[in-house]
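K.L.:
Dropping the sequence and predicted coords here.
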Amino acid sequence: MKEIIEGSYAVAEAVRLCRPQVISAYPITPQTHIVEALASMVADCKLDAEYICVESEFSALSACIGASTAGSRTYSATTSQGLALMYEVCFNAAGMRLPIVMTIANRAMSAPLSIWNDQQDSISLRDSGWIQLYAEDNQEALDLHLLAYRICEDHEILLPAFVCFDGFILSHTYEPVDMPSQEEVDAYLPAFNPYQRLDAKDPISFGMYATPDYYMEFRYENQRAMLRTKKKIIEYGTLFKEQFGRDYSGLIEGYKLEDAEIALVAMGSICGTVKDAIDEMRNDGIKVGLLKIRCFRPFPEEEIAAALAHVRTVAILDKNVSLGSKGAVGLEIKDALYGSSIAVYDYILGLGGRDIRKKDIRAITKLAEQGSGDMFYGLREELL
Amino acid sequence: MPLNIGCTARPGRGRDNKTGSWRVFYPIFTDEKCTGCEICILLCPEGCIEKEGEKRYVPDLNYCKGCGLCAEECPGEAITMEKEEK
Amino acid sequence: MVDKSIEHFECGHRACGGCGAATAVRMILKGAGENVIVVSPTGCLEVFSTPYPETAWKVPWIHSLFENAAAVASGIEASLKRQGRSEKVLVIGGDGATVDIGMLCLSGAFERNHNITYICYDNEAYMNTGIQRSGATPFDASTSTSPAGSCSMGNKHSKKDVPAILAAHGSPYVATASLSYPADLMKKVETAVNTPGATYIQIHTPCCTGWGFDGDQTVAVGKLAIETGLWVNYEMVNGVVRKAKKVKRKPVEEYLSVQKRFRHLFKPKKNEEEIAKIQAIADANAAKFGIDI
């Protein structure tokens, strides 16, 4: 059903439709509307779930671990400082192979304190073993939650997932979305069937420790599960298209990329701005296209290399920076394109909510054409 | 044998580790002095003392670490610790 | 009625010979009955009981991290409630994981009054990592991070009173126990597990390796702690002390002198002044709980 709804509320509704049994979340700007909406739904008996008002984000994800191992579909949401506080719990949940889905309303990391958007938070946890999906708009934000649960709970995967959508830009923006019905979601996402669970009738010890004789193989198994995820995204993304009409079978998506000479690479809401800028530049005869990354973990290395093989120049738009090095997405793209003669440039932009406009995209495209890159874009020189 | 996903295990393999090899002293139970109080069973950190009959209790020497708690606490002084001949 | 025949903890675990925690856990599981799910934080118990692929646990058990056992237990309890299942959720964790790094999650779980029982086996230091000081380390005890030396008498601080903290959270049942009094321990566990809401027991668990005494003295040392008044076995129901074990009190020296962690109070010379401070702690306990016969 079509409706105009704020991003956070769209996500909350999507989560409700996924029938989580246990929700455990701690409020943090700009995710608060999600957890408030869910609390409201529980209070009005619209959502039949246990809602734990935990005392910190650390406890939020820890409670999810407990609930998931006990056999419940579980959910949490956070961002920035909250996600950072969950750091060790994230590694723990992935290592324990628990299919927890968590919304990340991307926000900059303190210090300095900032409540505004960039993608440093989720990207900083790229090593943790969580699947990472990035939404371009509120429709994707809600759809990706259904997709995430479906993939994560597959017994061949059993990994947790971040569904990332840009804080304020998407979370607090009203957009038209097509909201599925409960029947449609139930048809797509079956009831949670845990691979193993805490059960007095079949006692299992969870979270044992692994000596050097075993640890590496456990990590390798996680890596294999991550790589199998690519196939599952295609499988369940295609299923999503058949059921709902929207195609999520691509880990990446091209926009006017097939004949592009210059490719812009981006993740998240910035893609919308980039597409508009590309339309304008195309009118001016610039053969520019967008490679949108929807799935950052597992990293679609081969898919990216194939999609960019024909371009001359690549400009990566990084809403994060690995301080002391470059933008994280840029580094991985460069790795994917290693050995090619493509000119690859990384632009760090939009940190801490710095606005990105079509003219900035045009400017960056020009910089890339001129061979000027690997820089912070849009700095206020007068402050430096 | 392939790994258990998520580093988990069902009960059973714990017994593979025969901690009796740690022992320097081992307990000798004198049935005639036993009062049947079963404090030895309760206090043993390994839980390796088994009841074999009326006032007859036997430590499983595969696991007994020879800590001597049973001997120390037995109210009937029915247990003594002897050094292992190795 | 406690079923003493329950054996939910297998032989073959790697605890030290004479380990108080291993003994305590066997008793706890008898008191808790069938149908439990156990959560353990990182620590001696978790490490000596679950080196992959060997596990000593015959009940469902989970270890997540060092400081989140109470939060994990909260999540399990919520899930079981949703599923209409009746297993009891039991946390068994050490003092380090409970009184220090675990306080956040502990406080939250008790504030929300989840239907869980949190049992802390208190061996009064971070034993598994090499006997470092915790918030439960007693005054003047020598540990590797509060060592006695020419400028130090050991740990400068008193034990954190976690039972009082959790009673202040509104816990319906809070108790202290000791492995040296097994019947009392098991009965308290049974009561705690069957009391609705968040309940807590702190069990004095002498550690031969960390405190410095022979493994066969574990129970004897535990008895001396109680007989000197440095540990009090009591029960609090809805925040009110209902029962405390009475003793004919012995001077604290009898307890301190048998442990290497207090040796600096006796060698090279007996330090009457420091021992008097510790005696004062015991005297205060005795007055507070009315334990003197």
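P.N.:
Right, received. Where do you want to start? Given the structure is predicted, the values throughout are model-derived calculations rather than measurements. Numbering: from 1, shown residues only, chains lettered A, B, ... in the order given.
K.L.:
only C-alpha atoms for contact and neighbour calcs from this point on.
P.N.:
Will do.
K.L.:
who's in contact with the helix or strand hosting B:Glu52?
P.N.:
Per DSSP states H and E, B:Glu52 falls inside strand B:49-53. Residues from elsewhere that reach strand B:49-53, judged by C-alpha atoms under 8 Å, 6 or more residues apart in numbering or on different chains: B:40-41, B:57-60.
K.L.:
Show me which of the residues you listed are buried.
P.N.:
Of all those considered here, the ones buried according to neighbour count by 16 or more other C-alpha atoms under 10 Å in any protein chain shown are B:40-41, B:57-59.
K.L.:
Closest one to A:Asp44 out of these, please.
P.N.:
Nearest to A:Asp44 out of the buried ones among the contacts of strand B:49-53 is B:Ile41 (C-alpha to C-alpha; 54.2 Å).
K.L.:
Need the three-state assignment for that closest one.
P.N.:
At B:Ile41 the chain is in helix, as set by DSSP: H, G, I helix; E, B strand; the rest coil.
K.L.:
and the gap between it and chain C?
P.N.:
For B:Ile41, the distance to chain C (C-alpha to the nearest C-alpha, to the nearest Å) stands at 10 Å.
K.L.:
which residues does the closest residue to that residue other than its chain neighbours bridge with?
P.N.:
In space, B:Ile41 comes closest to B:Ile49 once its chain neighbours are excluded; the distance is 5.4 Å by C-alpha to C-alpha, 6 or more residues apart in numbering or on different chains. Taking DSSP bridges as the rule, B:Ile49 bridges to B:Pro59.
K.L.:
Where does A:Gly254 fall, secondary structure wise?
P.N.:
Using DSSP H and E, the element containing A:Gly254 is strand A:252-255.
K.L.:
neighbouring contacts of the next helix or strand after that strand?
P.N.:
Later in the chain than strand A:252-255, the nearest helix or strand by DSSP H and E is strand A:262-266. The contact list for strand A:262-266 (C-alpha under 8 Å, 6+ apart) reads A:257, A:287-293, A:308, A:311-318, A:365, A:369.
K.L.:
Quick check: next helix or strand after strand A:262-266?
P.N.:
Using DSSP H and E, the helix or strand that follows strand A:262-266 in sequence is helix A:270-283.
K.L.:
Give me the angle between the helix or strand that that next one is followed by and strand A:262-266.
P.N.:
The helix or strand immediately downstream of helix A:270-283 is strand A:288-293, counting by DSSP H and E. For strand A:288-293 against strand A:262-266, the angle by axes from the mean of the first three to the mean of the last three C-alpha atoms, to 10 degrees is 30 degrees.
K.L.:
quick check: longest helix of the chain.
P.N.:
As the question left the chain open, I've gone with chain A. helix A:215-244 (DSSP state H).
K.L.:
Please refer instead to chain C.
P.N.:
Max-length helix for chain C by DSSP H is helix C:272-289.
K.L.:
contacts for it?
P.N.:
Contacts of helix C:272-289 (C-alpha under 8 Å, 6+ apart): C:139-140, C:228-232, C:241, C:244, C:251-253, C:265, C:292.
K.L.:
Report the buried residues of that helix.
P.N.:
Going by 16+ other C-alpha under 10 Å, helix C:272-289 has these buried residues: C:275, C:278-279, C:281-283, C:285-286, C:289.
K.L.:
wait, does the longest helix of chain A contact chain C?
P.N.:
No. Helix A:215-244 stays clear of chain C (C-alpha under 8 Å from any C-alpha of the partner chain), getting no nearer than 9.5 Å.
K.L.:
what does the stretch 1-150 of chain A put close to chain C?
P.N.:
So the stretch 1-150 of chain A meets chain C at A:21-22, A:24, A:49-50, A:52, A:54-55, A:58-60, A:62-72, A:89, A:92 (C-alpha under 8 Å from any C-alpha).
K.L.:
cutoff 10 Å now
P.N.:
The stretch 1-150 of chain A comes close to chain C at residues A:21-24, A:48-56, A:58-74, A:88-89, A:92-93, A:95-96, as judged by C-alpha under 10 Å from any C-alpha of the partner chain.
K.L.:
Let's see which of those residues end up in strands.
P.N.:
Among the residues of the stretch 1-150 of chain A next to chain C, the members found in strands (DSSP state E) are A:22-24, A:50-52, A:74.
K.L.:
would you list those in TSV and tack on distance to chain B and pLDDT?
P.N.:
Compiled in TSV, those are given as follows (distance: C-alpha to the nearest C-alpha, whole Å; pLDDT from 0 to 100):
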residue	distance to chain B	pLDDT
A:Val22	21	98
A:Ile23	22	98
A:Ser24	22	97
A:Glu50	25	97
A:Tyr51	26	98
A:Ile52	25	98
A:Thr74	18	98
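K.L.:
how about the helices in the stretch 51-200 of chain A?
P.N.:
In the stretch 51-200 of chain A, the segments counted as helices under DSSP state H, counting those that start in this stretch are A:57-70, A:80-85, A:87-95, A:120-123, A:138-152, A:182-188.
K.L.:
picking up where we left off before, now, which of the contacts of strand B:49-53 sits nearest B:Arg10?
P.N.:
Nearest to B:Arg10 among the contacts of strand B:49-53 is B:Asp60, at 22.6 Å by C-alpha to C-alpha.
K.L.:
What's the separation between the closest one and C:Ser49?
P.N.:
19 Å (C-alpha to C-alpha, to the nearest Å).
K.L.:
can you check C:Val237 too?
P.N.:
Taking C-alpha to C-alpha, one finds C:Val237 at 33 Å from C:Ser49.
K.L.:
quick one: which of these two has more around it?
P.N.:
C:Ser49 (24 against 16; other C-alpha atoms under 10 Å in any protein chain shown).
K.L.:
Please name the residues that touch A:Gly268.
P.N.:
Neighbour list for A:Gly268: A:106, A:118-119, A:133-137, A:140-141, A:164-166, A:169-170, A:292-294, A:319 [criterion: C-alpha atoms under 10 Å, 6 or more residues apart in numbering or on different chains].
K.L.:
And it, its phi and psi?
P.N.:
Here the main-chain torsion angles of A:Gly268 (degrees, to the nearest 10) amount to phi 90, psi -160.
K.L.:
Quick one: residues contacting the residue nearest to it when sequence neighbours are not counted.
P.N.:
Here the nearest residue to A:Gly268 in space, its sequence neighbours aside, is A:Glu136; by C-alpha to C-alpha, 6+ apart that works out to 4.4 Å. By C-alpha under 10 Å, 6+ apart, the residues touching A:Glu136 are A:164-166, A:170, A:266-273, A:292-294.
K.L.:
isn't there a helix covering C:Ala175?
P.N.:
No. Under three-state DSSP, C:Ala175 falls outside any helix and is assigned strand.
K.L.:
just checking, it touches C:Ile203?
P.N.:
Yes. The criterion here is C-alpha atoms under 10 Å, and C:Ala175 meets it with C:Ile203 at 8.5 Å.
K.L.:
Identify the contacts common to these two.
P.N.:
Counting by C-alpha under 10 Å, 6+ apart, the residues touching both C:Ala175 and C:Ile203 are C:119, C:185, C:233.
K.L.:
Now do the last one: how many residues are near it, please.
P.N.:
C:Asn233: 22 surrounding residues under other C-alpha under 10 Å.
K.L.:
next one: phi and psi at it?
P.N.:
Taking degrees, to the nearest 10, you get phi -90, psi 120 for the backbone angles of C:Asn233.
K.L.:
That one contacts C:Gly222, doesn't it?
P.N.:
No. Counting by C-alpha under 10 Å, C:Asn233 does not reach C:Gly222; the two are 11.1 Å apart.
K.L.:
Overlap in contacts, those two.
P.N.:
C:178, C:181, C:204.
K.L.:
Go through those residues and name the one nearest chain A.
P.N.:
Nearest to chain A, judged by C-alpha to the nearest C-alpha, of the shared contacts of C:Asn233 and C:Gly222 is C:His204 at 25.5 Å.
K.L.:
can you list the residues of chain B near chain A?
P.N.:
B:2-11.
K.L.:
any chance you could map the helices in the stretch 51-200 of chain C?
P.N.:
C:69-83, C:95, C:103-111, C:162-168, C:182-194.
K.L.:
Touching the second one from outside, list them.
P.N.:
Residues lying outside helix C:95 but in contact with it, judged by C-alpha under 10 Å, 6+ apart, are C:43, C:101-102, C:119-127, C:134-137, C:162, C:202-205.
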